Each structure stands twice: as structure tokens, then as C-alpha cells.
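>>> From the sequence below, what's the structure:
(chains A and B)
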Protein chains: 2
Amino acid sequence: MEKNQSLHAFIKEELFDRIKTNKYKKGDQIPTELELCKDFNVSRTTVRTALNQLTLEGYLIRKQGKGTYVADPKLKQTLSHTIKRYGDQVAVQGKKAKIKLVALTVVPADEHLAESLQVEIDAPIQRIERVRQANGDPTQYEVAYIPWNIAPGITQEHAETSLYASFQEDFNIQVAKTIENIEITLVDQRISNHLKCEEGLPCFYIETVTKDDKGRRIEFSRAYFRGDKTNFLIERNYLTEE
Amino acid sequence: MEKNQSLHAFIKEELFDRIKTNKYKKGDQIPTELELCKDFNVSRTTVRTALNQLTLEGYLIRKQGKGTYVADPKLKQTLSHTIKRYGDQVAVQGKKAKIKLVALTVVPADEHLAESLQVEIDAPIQRIERVRQANGDPTQYEVAYIPWNIAPGITQEHAETSLYASFQEDFNIQVAKTIENIEITLVDQRISNHLKCEEGLPCFYIETVTKDDKGRRIEFSRAYFRGDKTNFLIERNYLTEE
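Model prediction:
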């Protein structure tokens, strides 16, 4: 055990390793608290702290009166060079993807939107509020803002398939660049309703500005991904670029 | 106010907007709880909930007996195509960067390392434990594993400047590709000591595998970034690639 490392941190790491190396497999019930106490020769409080943290982080699921199970792996999403449709990314993981429109309205640009989208204050902006699901579980809540002038009359069908595909196919817009800012935030009550999780759960918060090939800002969005369910993959190549 | 949105969530969003649009500037004291209650015509509990969440998320700092202040902007780090040294990324934000070596040892590869680095079990692996600081504040805690055979005899100087630069300059290795997995985790006691934060703080957890131009795995690392202090920027270009 490393210097300075507390006992529960050590046990958490050991259990985490067993999950990562498939000693404990997805869906498996893991040993009981008492068995783990005996195995590690530590107190029940210590074991429970380790189990609670792994549960909060999304690696274990505790079922009331039944025991502790290994959770489904987090949903992997790629933040790389290609635009892959959400559905395609989810499908390769054996899950069924769905995009659900919550609301589609037109709002006047406030100061922040005017700046983000480089439009006049009060310009008409389409506000598209959506939830993405994998196998029926919400994974992402998102509000996208698209200036009316850029793509007038976005429909529910556009919103529930792929906005990027619609830009190209129905509005003759070539998506050229995205600039994403990723932070951690805590889910508030409204968003927790959409993501079906506890208020205060840590989540990824991504703000995206999308530009087309003429340099116009075509979309600004705010997206929230459940922290206990999401894994982002970033691949970077160094030799061939810049 | 939107349907379903709780009062404190509304106030949180309003205050967040004032910070983002610089109505409340970095370092400024914001109005007192009582003033905000009056402004928004809500209870003190509601205001306090909103302020607490913004504090946890790193946007506000509450000083005992003094009031609430706008925090420094989160440290922006780029996850794009170029390898920029940590020091260079931090310097453009007007902060002084430092990499501090915590420990440099050689360990035998366990099952997980053997798989991640594609070496034999018990092969000698250099373990490099470091903390990165911006203006003296820890921003990142990282443990890197590099097979002895790939770059034998890594020194404290290599570790405290740039490993990637050392690969190239001293070991004749061409870094070609990184594969990063990003998740949210909660800081345990050991890591909270290094990051000088509370245990349980949500943080970015990044696992990276680095390959060279011959396809060899040259490094595996685990890094933890304080969630209340970190903002990742990802730029993606769609037209010129793939």
C-alpha cells in the first residue's frame, strides 16, 4: 500500500482493478460487505465507503436487499475528427439509440446568444431542446440554438434524426468546425428530471459553437451528459497534422 | 421562467449568466445574500442553494465573514491536434506553470499494466508520479508508466520538464498517437492531498495510451484534474480530414 493512501482508497482501487480487468464481470454480483471485510481484514465502514464511491462513479449498482452488482460499462462517445451520428456511435455498443424532442420554439436572442452566434439582439433563434437515450436510458440533455436565418423552419423530424445531417441535406450548409468547451457541473433539478438522476450528480457540461465553411456560426449548444454513464474517447494523431 | 424549473435553478442560471457575460467580473464581490433575496424576491434558502452550487462548480468563492466573490476563470487546456507543453498552455493565460515530481520508481508490470503497455508481467516499468501547478495551485495529479525498455533511465529533469519532449530529444522516440478516455470520478483521500481539495470533489479522470510511429506503446497514464478548476477545449475540423 502506498504511503498516505487511506485504507478505503486502497480497497476502492483494488475493486476498481477487478472490474477493469474483468475479474468482476458486467452484471455479476460482487462479494457481500461482510465477505469483503474478511478478505481485506478491514472494518465494514471502510468497505462501505469504497463501495459507495464506486457506486457514485457508476461502476457498481447497489440493489436494495439484494447486493452489489457490476454496472454496465459507461457509454463511450468519440470526440474525434469525424462526425458520427449519435445513433451510429451507440449502435456499435449494442444499444438502441433514440433522440427525443422535448420542445422546439423560436426565442429572441439575448445578450449571450447574440454574442455566441454573432447575431443582433432579439434576432429570431430556434431553440431545440432534446434528450438522447441509449436503450431507453437518458444519456444526454441538450439545448441547441440555431439562428432562423441560417436554417429556417427546423422540424421535429430534423431534430429527432440528426441536425448536422439536416444542415447538409435540407439547408445546403457545410459543417466545417466545432469548438467545444468541456467542464464538470452539478445537475440541477430541472436537468435531473430529464436525465432521470439525482439532483447534484456530477455531469459533463459541453458548450459547442459550430461554424460552416463560410465561417458563419450556425449553432450554439449546451449539453449535459450523466457523469456516471459517460466515457469520452479522444484520439489524437501528431505526425500527419500541422 | 421555464416550466419545471425550480426557483434556485433559475437564480443559479441568472447568476451564472452574469458571470459569463462579465456583469460580475473576476475577483468582484457579488451582492450579499440579503440583497439577492430582495432583488429576486425569493427566500434566503433559495439564494443560498444557488450560491452553494456555483461555489462547488468553481465559479464563486465564499470567504468566511467577508462575502462571495467571482472565482478565477477555470484553467483552459486544449485537447486538440498539437502537443503543446503544459507550461506553454498555462503561460498564455498569464499564469506560471510548474511540474513537481512526487516520486520516480521502477515497478514490476501487473496484469493491467502488462495489457495496457503490451509487455510481459513483471517487466520493469518506470512509474512517474507528478503534480502540475499553475501559480502554485495544483491543477493536475498524474501517474505515468513507461516501460524501461522504451526509455531507460528517465530522470527527475525529464519528468519536471516534458516527457514528450524528452522522448524525442533524449530517446529518439517519435510520439505518433494518443488515445484518451475521459470520465468523471470523485477525488479520494490520497489524491485530494495532492490536489489540495476536499475528498469527494468531482474531477476529470483521463487514462491515456501513447504510441510511437512504430506502433509501440510507449506510455500509459492516469491523470486527475480538479473539476472546479478545469476547462477543456476541443477543436474539430471536418472538411479537411477523413
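
>>> which stretches of chain A aren't confidently modelled?
Applying pLDDT under 70 to chain A flags residues A:1-5, A:78-89, A:91-92, A:240-242.

>>> now the strands for it?
A:60-63, A:67-70, A:75-78, A:97-108, A:124-134, A:137-147, A:175-186, A:202-212, A:217-226, A:230-237 (DSSP state E).

>>> Could you export the ones you listed to CSV, including columns for distance to residue B:30 and mean neighbour count?
C-beta here means a position set from N, CA and C on the backbone, and glycine is covered the same way. Formatted as CSV, the strands of chain A follow (distance: least, Cβ to Cβ, whole Å; neighbours: other Cβ atoms under 10 Å in any protein chain shown):
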stretch, distance to residue B:30, mean neighbour count
strand A:60-63, 39, 15
strand A:67-70, 43, 18
strand A:75-78, 35, 18
strand A:97-108, 27, 14
strand A:124-134, 28, 20
strand A:137-147, 25, 21
strand A:175-186, 19, 20
strand A:202-212, 21, 21
strand A:217-226, 22, 22
strand A:230-237, 32, 18
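
>>> what residues go with each domain of chain A?
A:7-70, A:75-233 (automatic domain parsing).

>>> Redo the ones you listed as TSV? Include distance to residue B:11.
Listed next are the domains of chain A as TSV, based on distance: least, Cβ to Cβ, whole Å:
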stretch	distance to residue B:11
domain A:7-70	26
domain A:75-233	10
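
>>> nearest to residue B:76, of these?
Closest to residue B:76 of these is domain A:75-233 (Cβ to Cβ; 8.0 Å).

>>> circling back to that earlier point, reformat the domains of chain A as CSV; add distance to chain B.
Below are the domains of chain A laid out as CSV (distance: least, Cβ to the nearest Cβ, whole Å):
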stretch, distance to chain B
domain A:7-70, 4
domain A:75-233, 4
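
>>> Please identify which of the strands of chain A is closest to residue A:21.
Taking the strands of chain A one by one with Cβ to Cβ, strand A:67-70 is closest: 11.9 Å.

>>> contact partners of the closest one?
The contact list for strand A:67-70 (Cβ atoms under 8 Å, 6 or more residues apart in numbering or on different chains) reads A:19, A:24-30, A:32, A:51, A:55, A:59-63.

>>> Please indicate which of the residues you listed has the highest neighbour count?
Using other Cβ atoms under 10 Å in any protein chain shown as the neighbour criterion, residue A:59 leads the contacts of strand A:67-70 with 23 neighbours.

>>> hmm, back to that, which one of the strands of chain A lies nearest to residue B:214?
strand A:230-237 (14.6 Å).

>>> which ones are touching the spatially most central residue of chain A?
For chain A, the residue nearest the mean C-alpha position is residue A:225 (2.6 Å; Cα atoms, centre = their mean). Residue A:225 makes contact with A:77, A:139-140, A:203-204, A:206, according to Cβ under 8 Å, 6+ apart.

>>> a markdown table please, covering those and showing distance to residue B:230.
A markdown table is the format used below for the contacts of residue A:225 (distance: Cβ to Cβ, whole Å):
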| residue | distance to residue B:230 |
| --- | --- |
| A:77 | 19 |
| A:139 | 22 |
| A:140 | 20 |
| A:203 | 14 |
| A:204 | 12 |
| A:206 | 13 |
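
>>> Which one of those is nearest to residue A:129?
The nearest member of the contacts of residue A:225 to residue A:129, counting by Cβ to Cβ, is residue A:140 at 11.8 Å.

>>> Identify the bridge partners of that closest one.
Beta-bridge pairing for residue A:140 (DSSP bridges): residue A:132, residue A:225.

>>> doesn't residue A:227 make contact with it?
No. Using Cβ atoms under 8 Å, residue A:140 makes no contact with residue A:227, being 11.7 Å away.

>>> Pull the most distant pair out of the contacts of strand A:67-70.
A:26 and A:32 (19.0 Å).

>>> ok now do residue A:239, which residues does it touch?
Neighbouring residues of residue A:239 by Cβ under 8 Å, 6+ apart: B:174, B:176-177, B:213.

>>> Considering only the residues you listed, which also neighbour chain A?
Among the contacts of residue A:239, the residues lying close to chain A (Cβ under 8 Å from any Cβ of the partner chain) are B:174, B:176-177, B:213.

>>> on that earlier part again, export the contacts of residue A:239 as TSV, with columns for distance to residue B:144.
Output for the contacts of residue A:239, formatted as TSV (distance: Cβ to Cβ, whole Å):
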residue	distance to residue B:144
B:174	18
B:176	17
B:177	16
B:213	19
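
>>> which two of those lie the greatest distance from each other?
Going by Cβ to Cβ, the pair spanning the contacts of residue A:239 furthest: B:174 and B:177, at 10.3 Å.

>>> So which residues make contact with stretch A:149-166?
So stretch A:149-166 is in contact with A:83, A:85-87, A:99-101, A:104, A:119, A:123-124, A:126, A:128, A:130, A:144, A:146, A:167, A:170-171, A:173, A:175, A:216, A:218-219, going by Cβ under 8 Å, 6+ apart.

>>> Which positions in it come out as buried?
Using 16 or more other Cβ atoms under 10 Å in any protein chain shown as the burial criterion, the residues of stretch A:149-166 that qualify are A:150-151, A:154, A:158-159, A:161-164, A:166.

>>> Widest-spaced pair of those?
Longest span within the buried residues of stretch A:149-166, Cβ to Cβ: A:150 and A:161, 18.0 Å.

>>> Now stretch A:34-47 - C-alpha only, CSV.
Written as CSV, here are the backbone C-alpha positions of stretch A:34-47 (Å, rounded to 0.1, in the frame of the first residue of the first chain):
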residue,chain,number,x,y,z
LEU,A,34,-19.0,-9.0,5.1
GLU,A,35,-17.1,-11.2,2.8
LEU,A,36,-15.0,-8.2,1.6
CYS,A,37,-14.4,-7.2,5.3
LYS,A,38,-13.0,-10.7,5.9
ASP,A,39,-11.0,-10.7,2.6
PHE,A,40,-9.3,-7.4,3.2
ASN,A,41,-9.3,-7.6,7.0
VAL,A,42,-10.9,-4.2,7.4
SER,A,43,-14.0,-2.7,9.1
ARG,A,44,-17.4,-2.6,7.5
THR,A,45,-17.3,1.2,7.3
THR,A,46,-14.2,1.1,5.3
VAL,A,47,-15.7,-1.4,2.8
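
>>> Give me the residues contacting that stretch.
A:7-8, A:11, A:14, A:30-31, A:33, A:51.

>>> farthest pair in these?
Farthest pair in those, by Cβ to Cβ: A:7 and A:30, 18.2 Å.

>>> hmm, back to that, so which of the strands of chain A is nearest residue B:234?
strand A:175-186 (4.4 Å).
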